[in-house]
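Asks: next input, structure requested:
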Amino acid sequence: MSPDNKTPFEDFGRKVDRGLGEAARKMEQEGERFIAYFNDEVVPAIRTNSTKALRVAAEKLSQLANYMEQKTSK
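Replies: Numbering: from 1, shown residues only. Model (predicted):
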C-alpha cells in the first residue's frame, strides 16, 4: 500500500503511537525530577532528623543507665 492510501486505522495507530511516545517522554522527565528532588531534599532531611533522634535516644539511655546504677548500689 502506498503512503497516499493510508487507512483511518493506520492514521489512528500513528496518532496513538505519537501520543504514547510523548507521554513516556514526559513520565521519564518527571521521574528524573522526582528522583533529584528526593535525593536533594528528602534524604538530607531524613538524615538530619535521624541524627537528632539518635542523639536523644543516646541521652535517654545514658540517663537510664545512671538511674539503674543508683538503684543497684543502694
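Asks: which residue ranges of this structure form helices?
Replies: Using DSSP state H, the helices of the chain run over residues 8-37, 43-72.
Asks: would you turn the ones you listed into TSV with mean pLDDT and mean neighbour count?
Replies: For the C-beta atoms, the positions are set from N, CA and C on the backbone; glycine is no exception. Converted to TSV, the helices of the chain look like this (pLDDT from 0 to 100; neighbours: other Cβ atoms under 10 Å):
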stretch	mean pLDDT	mean neighbour count
helix 8-37	93	10
helix 43-72	93	10
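Asks: tell me, what residue is most central in this structure?
Replies: residue 38 (5.0 Å; Cα atoms, centre = their mean).
Asks: list the contacts for that residue?
Replies: By Cβ atoms under 8 Å, 6 or more residues apart in numbering, the contact set of residue 38 is empty.
Asks: so how far is residue 44 from it?
Replies: As judged by Cβ to Cβ, to the nearest Å, residue 38 and residue 44 stand 10 Å apart.
Asks: one more: residue 61?
Replies: Noted for residue 61: a distance of 26 Å to residue 44, by Cβ to Cβ.
Asks: next: residue 16.
Replies: 42 Å.
Asks: could you do residue 20 as well?
Replies: Distance from residue 20 to residue 44, by Cβ to Cβ: 36 Å.
Asks: now swap in residue 33 and tell me
Replies: Counting by Cβ to Cβ - residue 33 and residue 44 are separated by 17 Å.
Asks: from the chain's centroid, how far away is stretch 52-63?
Replies: Centroid separation for stretch 52-63 versus its chain: 28 Å, with Cα atoms, centre = their mean, to the nearest Å.
Asks: no further queries at this time; thank you.
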